[in-house]
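*Asks:* starting from these lines, generate the structure:
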Amino acid sequence: MGRTILAAVAGGVVVFVWSALSHTVLGLGTAGISTLPNEERVAQAIRGAVTEPGLYFMPGFDRSHKMTEAEEKAWAEKYRRGPSGILVIEPGGREPMMPQQLVIELVADVLAAGVAAFILTVIAGSFLTRVAAVGLLGVFEWLDINVSYWNWDSYPTLFTLASLADQLVGWTLAGAVMAAIVLSTGSLIPAMIVHALIDIGGGMVGYWLLREQGQPQTSNPVPNR
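*Replies:* Below you'll find the predicted structure:
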């Protein structure tokens, strides 16, 4: 049980640190994302039309009742004519990166790694087999989520492929650390690994916060998860 928890914490920190590097250094998190032409005009139109934060689909329809056949045909024609899209809108704006967002991301990564750690404790196999099993969980996530977004919502192919690289590499690295911990017996190495990873994770969080405080904010980064 203790090694499972250590593996979960270590794996979560590895994924968290990798995500930071893939977004800030490698650019995987913003691959395929474009900037709106005439962005300020679009922003002004949104400020004038949208008052509540939320997830918006365009073209929309009245969800208070079932559409009639005529309404469905009219909506389908609007969809064919375009534009269509999905918008996550914060009308009043917010800080580009807040400490609680980093905490939530880290906790989510640790919980996800907890699922992987449980799987590692119940399957048999060599070190490499277990590493591959965790790496494939990243592929599983990508196939179930990102490919669906690409298929139904027209997410860019480059964005989708970058997501695959992000998930596969991140969870494979986590799998290597987690498998080493799960397979270890009577060793201080697992605790040393976790301690080192927590130090690295803390350093990354501190770096992010100091960088955000020291630079003017000009845009809201779009995450890849």
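
*Asks:* how close does Glu95 sit to Gly114?
*Replies:* Glu95 sits at a distance of 29 Å from Gly114 (criterion: CB to CB, to the nearest Å). Backbone N, C-alpha and C define where each C-beta goes, glycine included.

*Asks:* give me the more crowded residue out of these two.
*Replies:* Gly114 (17 against 10; other CB atoms under 10 Å).

*Asks:* wait, is that one part of a strand?
*Replies:* No - counting by DSSP: H, G, I helix; E, B strand; the rest coil, Gly114 is not part of a strand but helix.

*Asks:* Ala10 is in contact with that one, correct?
*Replies:* No - Gly114 is beyond contact range of Ala10, at 11.0 Å (criterion: CB atoms under 8 Å).

*Asks:* what helix or strand is the residue lying farthest from the centre of the chain on?
*Replies:* In the chain, counting by CA atoms, centre = their mean, Ala70 sits farthest out from the average C-alpha position, at 39.1 Å. Using DSSP states H and E, Ala70 maps to helix 69-81.

*Asks:* and that helix, which residues are buried?
*Replies:* By 16 or more other CB atoms under 10 Å, helix 69-81 has no buried positions at all.

*Asks:* can you list contacts of that helix?
*Replies:* 59, 61-62, 67 (CB atoms under 8 Å, 6 or more residues apart in numbering).

*Asks:* and stretch 10-23, average pLDDT?
*Replies:* Stretch 10-23 shows a mean pLDDT of 91.

*Asks:* could I get the full set of helices for this protein?
*Replies:* 2-24, 39-49, 69-81, 99-122, 127-141, 147-153, 157-183, 189-214 (DSSP state H).

*Asks:* mind putting the ones you listed into TSV with distance to Pro91?
*Replies:* As requested, these are exported to TSV (distance: least, CB to CB, whole Å):
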stretch	distance to Pro91
helix 2-24	25
helix 39-49	6
helix 69-81	23
helix 99-122	19
helix 127-141	31
helix 147-153	22
helix 157-183	25
helix 189-214	22
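
*Asks:* how about those, which one is nearest Ile33?
*Replies:* helix 157-183 (6.4 Å; CB to CB).

*Asks:* list the buried ones in that closest one?
*Replies:* 159-183.

*Asks:* which stretches of this structure have low pLDDT?
*Replies:* Residue ranges of the chain with pLDDT under 70: 185-225.

*Asks:* mind checking how far the helix holding Ala70 is from the chain centre?
*Replies:* Centroid separation for helix 69-81 versus its chain: 33 Å, with CA atoms, centre = their mean, to the nearest Å.

*Asks:* now stretch 46-60
*Replies:* Offset of stretch 46-60 from its chain centre (CA atoms, centre = their mean): 23 Å.
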